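1. Structure, please.
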Amino acid sequence: MRIDTALLLLVVVGAASTAIGAQEQTIQIIRAGPGEGMQMPGMGPRQVKTGTGGIKGLVAATDTGAPIRRAQVRVSGPDIGTKTAMTDAEGRYEFRDLPAGRFTLMASKSGYTNVQSGQTRPFESGRPIELADKQVLDKADISMPRGSVISGRIVDEFGEPLADVMVNAMRQTWTGGRRRLVPAGGRVAQTNDLGQYRMYGLPPGEYYVTATLRGVETLMMDMNAGPGGPVGSAPASGYAPTYFPGTTSGADAQKITLVVGQEAQGTEFALTPVKLARVTGTVVNSEGKPVEGAMITAVPATRGSEMGMFMMGGGTRSSKDGAFTLSGVTPGDYTLQARSVQTITQGDGDRMVFTTTMGPAGGDDSEFASVPVSVAGEDLPGLVIVTAKGGSAAGKVTFEGAKPTSLNGIRISAPSTDFEGPPMAGGGAGGQLKPDASFELKGLAGAKLIRVGGLPQGWMLKSVNMNGTDITDSGLTFKSGENVSGLEVVLTPKVTEVNGGVTGTDGSPVKEYTVIIFSDDAEKWTAPMTRWVAASRPDQEGRFKIRNLPVGSYQAAVVDYVEQGGWGDPELLERLKASAHQFTLTEGETETLALKMR
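-> Sure, this is the predicted structure:
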């Protein structure tokens, strides 16, 4: 059976976290015809608020001012999720029955750059829309520039075209306090039988192009194959993920600079041939017994590296005696991850359902392993992967003041503090609160933060405590089999807010700016998932608003333009500090600032 990825909706449900307790993951592959909606299996409809407000406007081309027909406009907000409208023949759209609140708008159309309402420059954050009860904003117009294009051809070392190569446009941005290459808005192309590719809808800017031959289709089928059985031959050589103009080194990659509506053609390059390796070994559990049916995957050791997300070592399942073989592994540093898995496949015409259970029933005895390996083109035989039980964390959520009427939707999670490291099998456990507001997370390994999501409106995280010590920003390190109890997650209704406006040098109000608020303490700028740095664009009235900052001393600075996420640059914050406005935020305080554009 051939899976045509262009005609599929791939839905992963159930295991939203990567906790290694027993969990069931259902993958449904559904052939969807034009106009068919998608209902997430096992998920009920989202409860959203309605009101008497509205937003309407016109979507037009930046260069000609002509209306853009059949553009998709999406409105998003915490109380409504995301709703979509389509522009009519005159380029107009409308949203009705909106509750009071703060919303963002984004428009998309093939051939144009995706644009947020109020966005005036590439990669800038859009401007939010603040609606009062019964308010209708009738001039929320969006101007869409023509998208730029990168097109070219991918060939092998003999100059022959390569089909089914995944080609991605990458750009540099700030993530976790470091500058990294990331995919530019999901712009991925696949070469045709002539080796040709075309990535369109790109905003003007600087890009790096990378290509890899390993496709999702092959990987997905390998991952769902049963353990043992026949073994196919594997080539001794293959192709490494390669940058334009034909290098595996990020330092030697060539930048492609695009202006609005430009097509950069002729970016032809050859993939770099490399010697492939076979990695073989055995998986045994903590009692020394072989693990049958374990899922073994080779994950790039550094997710945040330039090529990390494109290096693929594949996946396989262990046989009855725990043996496994990974074939066709390209050179690089990997982390071998092993976890038990059971897959039940059901098929009916155009619908396939893979039901995958991670770990034994109940999850109390679930084990996993993570082993670093370095592949240099030579086979790695005889590896022994020993699984171990993950740690657990138990605690309770406490509420300052009156407890919310409902705890539904509040979830505790344990994301990793290490953005660079490989995604551990227990890296991001999540759990619903019990009726008594207690929680338990299982399958934890490595350094974790404790975070809370799905809070009712008017509540914020105050602190996470362990034996009287505040670990909100430092987290905990979990060892194999370690059970931690006594965690206290403190929530408070004393939410903080910083708002205000900005004036220019002549004292007149300014409506195009970004306010960056950051802690006085520079060490907090690069803390994992930092809560201490935030930014805001002004709403339609020229006012900015930032909520739920921790109590502390801050600096507020105004800039004319900054790319989305650019406020994560420590060097930028250090420069801004010299002319920033200092203030202190206390519990439940609303601080109103009158800032000046310098």
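
2. gap between residue 197 and residue 273?
-> From residue 197 over to residue 273 the distance is 19 Å, taken as Cβ to Cβ, to the nearest Å. In short, each C-beta sits where N, CA and C put it, glycine included.

3. Would you mind telling me which of the two has more residues around it?
-> More crowded of residue 197 and residue 273, by other Cβ atoms under 10 Å: residue 197, with 23 against 14.

4. Report the secondary structure state of the more buried one.
-> strand (DSSP: H, G, I helix; E, B strand; the rest coil).

5. Could you tell me how far it is located from residue 116?
-> 27 Å.

6. Could you do residue 62 as well?
-> Separation of residue 62 from residue 116 (Cβ to Cβ) stands at 14 Å.

7. any low-confidence regions in the stretch 401-550 of the chain?
-> When residues are selected by pLDDT under 70, those of the stretch 401-550 of the chain lie in 419-430.

8. How is the protein partitioned into domains?
-> Per automatic domain parsing, the structural domains of the chain span 53-144, 147-275, 390-492, 497-596.

9. Would you format those domains as JSON lines with distance to residue 322 included?
-> As requested, those are exported to JSON lines (distance: least, Cβ to Cβ, whole Å):
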{"stretch": "domain 53-144", "distance to residue 322": "45"}
{"stretch": "domain 147-275", "distance to residue 322": "9"}
{"stretch": "domain 390-492", "distance to residue 322": "17"}
{"stretch": "domain 497-596", "distance to residue 322": "35"}
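
10. Make sure residue 57 is actually in contact with residue 140.
-> Yes: the criterion here is Cβ atoms under 8 Å, and residue 57 meets it with residue 140 at 3.7 Å.

11. Need the overlap of contacts for those two.
-> Taking Cβ atoms under 8 Å, 6 or more residues apart in numbering as the contact rule, the neighbours common to residue 57 and residue 140 are residue 117.

12. for the helix or strand hosting residue 56, packing partners?
-> Counting by DSSP states H and E, the element that carries residue 56 is strand 53-61. Under the contact definition 3 or more Cβ pairs under 8 Å, 6 or more residues apart in numbering; DSSP states H and E, strand 53-61 sits against strand 92-98, strand 101-108, strand 129-131, strand 136-137, strand 142-144.

13. Buried residues, the third one. List them.
-> Buried residues in strand 129-131, counted by 16 or more other Cβ atoms under 10 Å: 129, 130, 131.

14. That one packs against which elements?
-> Packed next to strand 129-131, using 3+ Cβ pairs under 8 Å, 6+ apart, are strand 53-61, strand 101-108.

15. ok, 10 Å please
-> Packing contacts for strand 129-131, counted by 3 or more Cβ pairs under 10 Å, 6 or more residues apart in numbering; DSSP states H and E, involve strand 53-61, strand 72-77, strand 92-98, strand 101-108, strand 136-137.

16. closest to residue 483 out of the helices and strands packed on strand 53-61?
-> For the helices and strands packed on strand 53-61, the distance to residue 483 is smallest for strand 101-108, at 41.4 Å, taking Cβ to Cβ.

17. ok, the closest one: who's next to it in the sheet?
-> Using DSSP bridges, the strands paired with strand 101-108 are strand 72-77 (antiparallel), strand 115-116 (antiparallel), strand 129-131 (antiparallel).

18. buried ones in that strand?
-> Using 16+ other Cβ under 10 Å as the test for burial, strand 101-108 gives 101, 103, 104, 105, 106, 107, 108.

19. Any chance of these in a markdown table with pLDDT and distance to residue 277 as columns?
-> What follows is the buried residues of strand 101-108, written out as a markdown table (pLDDT from 0 to 100; distance: Cβ to Cβ, whole Å):
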| residue | pLDDT | distance to residue 277 |
| --- | --- | --- |
| 101 | 93 | 54 |
| 103 | 96 | 51 |
| 104 | 95 | 47 |
| 105 | 96 | 49 |
| 106 | 97 | 44 |
| 107 | 97 | 47 |
| 108 | 95 | 42 |
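
20. Sort out which one of those lies nearest residue 416 for me.
-> residue 104 (27.9 Å).
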